[in-house]
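Chemist: return atomic coordinates for the entry below.
(one chain, ligands or ions: 1)
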Amino acid sequence: MAVAQKMSQFIEKSSWIRKMFEEGARLKKIHGEDQVFDFSLGNPNVPPPEIVKEKLRELVRRDLPGMHGYMPNAGFEETRAAVAAYLSREHRVPLGPDQIVVTCGAAGALNIILKALLDPGDELLVPAPYFVEYGFYADNHGGVLKTVPTHDDFTLDLAAIEQAVSERTKIVLINSPNNPTGQIYSTSALQQLGRILEKKSRRYGRTIHLVSDEPYRKIVYNDQEVPCIFQHYPHSLIATSYSKDLSLPGERIGFVAVHPDCEQSGQLLAALSLANRILGFVNAPGLMQRLIVELQGVCVEVDAYRRKRDRLVSGLRAAGYELVVPPGAFYLFPKTPFADDVKFVRLLQEENILVVPGSGFGGPGHFRIAYCVDDSTIEGSLPGFAHARSKAGRMMEEESS
Ligand SMILES: Cc1ncc(COP(=O)(O)O)c(C=O)c1O
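Modeler: Numbers count the residues shown, from 1 in each chain. The predicted model follows:
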């Protein structure tokens, strides 16, 4: 076989979303587009704010000399300055352009961080459930993903983290608001996490870095605040993008921000810039870098996502599902009525509903609904969700009798 064995295994491991996509295409052919309720992909469906399109048109008309050329690997100075000024206000930590590296989305940001920090065998510790690509990213750079459970409401289990951090841990990676649970980690949790990492770094004689993956920072409901790690731990980095807050995931624009007091931050920033280049990105798309200069703090209409969340939450609860109401992101992570989440996802498929089993995210016994879909998909799916829940109830009764 031409394809490397490891990649063949990875294809198999990452196959849930692909399987759902194929199943969706098959079901749509049989039943028609509007009879299939696809919640499998987290593709933001609230359109970018009008100002994004206006600024883009303006930029293209301006036709600056050298507009499509190469630039410093870390990105345009003007872009980094605009991001740093905004973050300094948002996170109340003074940041300059030199603390920012502009990247190809949050995925690019995470990959350059891991490339810059991991030596072979180093561990990346991640609270579960987690964004499934973290495991592949760790492997890209010779690292090993290690997961640690969260509480039943998906908040951080700090005692479990304290126990799981070892002399091999190089990075603790958190994601808040979280994909797939929508949970946000509190100020007090981050404070305690910072203390744990300080203690453990001293104990093992090497700095453990804290990375916060936060592309959903602005997708939060009811005036929720997302606390900032920069307030609680100096050896920290933020990885993020404009994929969700400006609905631009296809444009591949994001950044890494490094805490000004991070250990050897100059060398780390040099490593991040070089990683950007040698991983093949070279730099984030130039047009998008210029675009975001004037769009700091702009966000899609978050209330549209809140309405979708609320409709689904009330519909699912009425049908008997147990779930934690997520304060952010655009995912629900309800419990499956019985332990086998893959089996329950198949029951939902019989109702033409496509979701992803929680085991794919290190959260068995649950399923993920990406509700960044049309309102009609949500409305149309509710009878099927109710029907599958009743069927599962009957199956459990039959099994126990
Ligand atoms: C938690 C999390 N991190 C990172 C990413 C990658 O984001 P981007 O498309 O900006 O690279 C995603 C995408 O869905 C995500 O959910």
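
Chemist: mind listing what whichever residue of the stretch 301-401 of the chain sits closest to the ligand touches?
Modeler: Per Cβ to the nearest ligand atom, the residue of the stretch 301-401 of the chain with the smallest distance to the ligand is residue 329, at 7.7 Å. The C-beta positions use only the backbone N, C-alpha and C, and glycine is treated the same way. Counting by Cβ atoms under 8 Å, 6 or more residues apart in numbering, residue 329 touches 177, 178, 179, 181, 182, 216, 219, 244.

Chemist: residue 105 too?
Modeler: Under the criterion of Cβ under 8 Å, 6+ apart, the contact partners of residue 105 comprise 215, 241, 243, 249, 252, 253, 254.

Chemist: 7 Å instead?
Modeler: Residues in contact with residue 105 (Cβ atoms under 7 Å, 6 or more residues apart in numbering) are 241, 243, 252, 253, 254.

Chemist: for it, phi and psi?
Modeler: Here is the backbone geometry of residue 105 (degrees, to the nearest 10): phi 70, psi -180.

Chemist: gap between it and the ligand?
Modeler: Residue 105 is 3 Å from the ligand, where distance means Cβ to the nearest ligand atom, to the nearest Å.

Chemist: now do residue 219
Modeler: With the distance defined as Cβ to the nearest ligand atom, residue 219 ends up 11 Å from the ligand.

Chemist: that residue contacts residue 303, correct?
Modeler: No - with contact defined as Cβ atoms under 7 Å, residue 219 and residue 303 do not form a contacting pair (10.8 Å).

Chemist: settle it for me: which of these two has more neighbours?
Modeler: Set side by side, residue 219 and residue 303 give different neighbour counts by other Cβ atoms under 10 Å, the larger being at residue 219 (24 against 10).

Chemist: state the phi and psi torsions of the more buried one.
Modeler: Per-residue torsions, residue 219: phi -90, psi 80 (degrees, to the nearest 10).

Chemist: could you do residue 237 as well?
Modeler: Residue 237 adopts backbone torsions of phi -130, psi 150, taken as degrees, to the nearest 10.

Chemist: what count of nearby residues applies to residue 298?
Modeler: Counted with other Cβ under 10 Å, the neighbours of residue 298 add up to 16.

Chemist: show me where this protein has its strands.
Modeler: Counting by DSSP state E, one finds strands in the chain at the ranges 37-38, 100-103, 123-128, 144-149, 169-175, 209-213, 236-241, 254-258, 331-332, 353-354, 356-357, 367-370.

Chemist: nearest to residue 392, of those strands?
Modeler: Evaluated over the strands of the chain, closeness to residue 392 peaks at strand 367-370, with 11.5 Å, by Cβ to Cβ.
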